[in-house]
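Q: using only what follows, build the 3D model:
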Amino acid sequence: MDVTMSSFMDSPKFTGIHRDQNTFAILLIIISLCISPLKTSQAVTLLDLATAHLNQENPLFNTFEYQYRTFENLPSWSSALKRSQSEFSTFRACVHNETKCKTTEQRAWREFIISHKNKSRPKIIKSVNRYFNKWPYKSDRIIYGKDEYWATLGQFMKNSGDCEDYAIAKYYTLKALGFKEDEIRIVVLTHPLRKKGHVVLAIYDQRDILILDSLTDTPKSHRAFLKYTPVYSVNQTTQWVHSPKPTKNSSSYQNLNRQRVKSRFEG
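A: Purely as a prediction, here's the structure:
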């Protein structure tokens, strides 16, 4: 997870969007300055900023988010997507026809999918989280001999994995059980106490966002994870970069407030 976080934070987009969290006004300036080095498809426009700041009634972990239709700066996720495309089709074929099942993992997944087809949405969410959390945690270094490797559903079921692998397995399983693309996201985040990256799955469920975490079997509202700070989130089509909102106790809020008071007297 550390390698992915590092490579992402070194990308041009992230430099302008997320690194300076102290002053919100400076953040906007940096974003505008970073537009020129980026490709047209990646550039942040004023419309992006306006969209990010408006119409977010229940933003993920109370952050602003900026949307992109590219994964060029996310090689681990890009690779996992490519490998998952053909694999997932074989998993689905196994569900529809048992004779198409080629591995023990596919047969076990088929049984789980069939047994949950007619269950309620809350029960499916809870069962998927608990089912995959039974796999023991294993680092990428132990399994693949690499510091960072995002595994497919089949690879995780065979070898187990680390936090992003749990999230990917849950992601594809929920898709197979009827969840829509815009309802689920894989979220890369940080925790100040753990001092390292972590990955969870977010489910946009009616007026709340539920978090499926490999560290707990109970799905909870994103509001319950006050220490989590999202860096970016993805699904198969989109990437969202997250920026914390200034609070009344933050330096950015206090600076902006002092600016308003100063301009009131000077104006």
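Q: what sits against Trp109?
A: When contacts are counted by Cβ atoms under 8 Å, 6 or more residues apart in numbering, Trp109 touches 91, 94-95, 153, 157, 173. Using the backbone N, CA and C atoms, a C-beta is placed for each residue, glycine as well.
Q: flag every buried residue along whichever strand or helix holds it.
A: Following DSSP states H and E, one finds Trp109 within helix 104-116. Using 16 or more other Cβ atoms under 10 Å as the test for burial, helix 104-116 gives 105-106, 109-110, 112-113, 116.
Q: which pair of the contacts of Trp109 spans the longest distance?
A: Val95 and Met157 (14.1 Å; Cβ to Cβ).
Q: neighbour count for those two, which is higher?
A: In this view Val95 and Met157 are compared by other Cβ atoms under 10 Å, and Met157 has more residues nearby, 22 against 18.
Q: which SSE is that one in?
A: Here Met157 sits within helix 153-159, counting by DSSP H and E.
Q: contacts for the strand of greatest length in the chain?
A: Secondary structure of the chain per DSSP state E: the longest strand is strand 196-205. Residues outside strand 196-205 that contact it (Cβ under 8 Å, 6+ apart) are 1-2, 4-5, 60, 121, 125, 163-164, 166-167, 170-171, 174, 179, 182-191, 209-214, 219, 222, 228, 231, 233.
Q: sort out which of the residues you listed are in strands and list them.
A: Per DSSP E, these map to strands at 184-191, 209-212, 231, 233.
Q: from those, keep the buried residues only.
A: 184-190, 209-212, 231, 233.
Q: in those, find the pair that's most separated.
A: Ile184 and Thr190 (20.9 Å).
Q: now Ile67: how far from Lys119?
A: Actually, residue 67 is Gln. It isn't Ile. Going from Gln67 to Lys119 by Cβ to Cβ, to the nearest Å gives 32 Å.
Q: what does Ala108 give?
A: The gap separating Ala108 from Lys119 is 18 Å, by Cβ to Cβ.
Q: same thing with Lys100?
A: To Lys119, Lys100 is 24 Å away according to Cβ to Cβ.
Q: just send the buried ones among the ones in strands among the contacts of strand 196-205 back as a markdown table, with pLDDT too.
A: Below are these laid out as a markdown table (pLDDT from 0 to 100):
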| residue | pLDDT |
| --- | --- |
| Ile184 | 98 |
| Arg185 | 98 |
| Ile186 | 98 |
| Val187 | 98 |
| Val188 | 97 |
| Leu189 | 95 |
| Thr190 | 93 |
| Ile209 | 97 |
| Leu210 | 98 |
| Ile211 | 98 |
| Leu212 | 98 |
| Val231 | 95 |
| Ser233 | 97 |
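Q: any chance of those residues in TSV, plus distance to Phe71?
A: Shown next, in TSV, are those (distance: Cβ to Cβ, whole Å):
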residue	distance to Phe71
Ile184	16
Arg185	13
Ile186	12
Val187	15
Val188	12
Leu189	18
Thr190	20
Ile209	22
Leu210	24
Ile211	22
Leu212	22
Val231	14
Ser233	12
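Q: among those residues, which one lies nearest to Lys146?
A: Closest approach to Lys146 among these (Cβ to Cβ): Val188, at 17.3 Å.
Q: hey, where'd the helices end up in the stretch 1-150 of the chain?
A: Counting by DSSP state H, counting those that start in this stretch, one finds helices in the stretch 1-150 of the chain at the ranges 2-9, 12-17, 24-34, 46-53, 75-96, 104-116, 121-132, 140-144.
Q: weakest of those by average pLDDT?
A: Note on those: helix 24-34 shows the lowest mean pLDDT, a mean of 42.
Q: so what's Gly161 bridging to?
A: Tyr137 (DSSP bridges).
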